[in-house]
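Peer 1: My questions concern the predicted model and sequence given below.
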Amino acid sequence: MLVEALATLAAAAGGAVAQAAGTDAWQAVRRRVAELSGRGDAELERLDRTSRALEPGTTADQESERVRQAGMWQARFETLLESLDPEDQQRAADELRALLAFVTGSDGDVAAATGRAVARDGGTAVTGVERAGGVGRGRGSGGRSARAFNTGDAEATGQGSRAVSGVADA
């Protein structure tokens with residue numbers, strides 16, 4: 001049986017998965033949950049089913065479906081945590097806490113775990129979020145924020161080249 005703190009964490013993480021479905025943060029959440037579970041494609045398919053179930057118009061009672069999906073993910077996280085030795089359980093709990101922080105802080109565009117941006121010979125490469133007219137609230141972003149973390153390297157070679165990994169002003 002999980003200690004109360006881990007059960008509470010699993011419940012919050014389940015809610016975070018359901019909350020993130022259909023948002024800008026979904027792809028990052030999807031990847032993180034699949035990596036945490038270690039179940040690869042099977043977990044990605046399960047996450048995709050959650051996302052489809054929570055699409056607007058798929059059910060008459062969206063809130064009940066969101067609660068159902070959150071409960072399903074809570075149970076999955078509890079099962080995962082129960083199956084781990086104490087050291088791995090602590091690492092998984094830390095990952096779930098990071099997932100929660102990410103979801104609760106994601107109210108705009110998000111770039112997470114992006115690849116490498118390479119620009120040569122006057123070219124431009126951006127891996128992440130590119131904003132026209134500026135980044136952040138009140139500038140050219142329509143009042144939406146942008147966040148980037150765990151982004152890849154950026155390399156620009158040659159005069160006039162520009163490479164950005166993260167958030168860039170266009």
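Peer 2: It's in. Numbers count the residues shown, from 1 in each chain.
Peer 1: The host helix or strand of A5: how far from the chain's middle?
Peer 2: Following DSSP states H and E, one finds A5 within helix 4-20. Centre-to-centre, helix 4-20 and its host chain are 14 Å apart (CA atoms, centre = their mean, to the nearest Å).
Peer 1: mean confidence score for that helix?
Peer 2: Mean per-residue pLDDT for helix 4-20: 92.
Peer 1: now what about it, what contacts it?
Peer 2: The contact list for helix 4-20 (CB atoms under 8 Å, 6 or more residues apart in numbering) reads 2, 26, 29, 33, 47, 50, 54, 66-67, 69-78, 81, 89, 93, 96-97, 99-100, 103-104, 106. The C-beta positions use only the backbone N, C-alpha and C, and glycine is treated the same way.
Peer 1: List the buried residues in it.
Peer 2: Across helix 4-20, burial judged by 16 or more other CB atoms under 10 Å covers 6-7, 9-20.
Peer 1: List the residue ranges of the chain that fall below the pLDDT cut-off.
Peer 2: 1-2, 106-115, 131-151, 169-170 (pLDDT under 70).
Peer 1: got the angle for the longest helix that the chain contains vs helix 4-20?
Peer 2: Across the chain, the longest stretch assigned as helix under DSSP state H is helix 62-83. Angle between the axes of helix 62-83 and helix 4-20 is 140 degrees (criterion: axes from the mean of the first three to the mean of the last three CA atoms, to 10 degrees).
Peer 1: From the chain's centre, how far out is helix 62-83? Work that out for me.
Peer 2: 17 Å.
Peer 1: got it, and stretch 118-131?
Peer 2: 22 Å.
Peer 1: which residue ranges form the helices in the chain?
Peer 2: Under DSSP H, the chain gives helices at 4-20, 26-37, 40-53, 62-83, 86-104.
Peer 1: S161: which of those helices is closest?
Peer 2: helix 26-37 (27.7 Å; CB to CB).
Peer 1: That closest one relative to helix 40-53, how many degrees between them?
Peer 2: Using the same axes, to 10 degrees: helix 26-37 against helix 40-53 is 140 degrees.
Peer 1: Give the bridge partners for A156, please.
Peer 2: A119 (DSSP bridges).
Peer 1: Please give the number of neighbouring residues around it.
Peer 2: By the criterion of other CB atoms under 10 Å, A156 has 19 neighbours.
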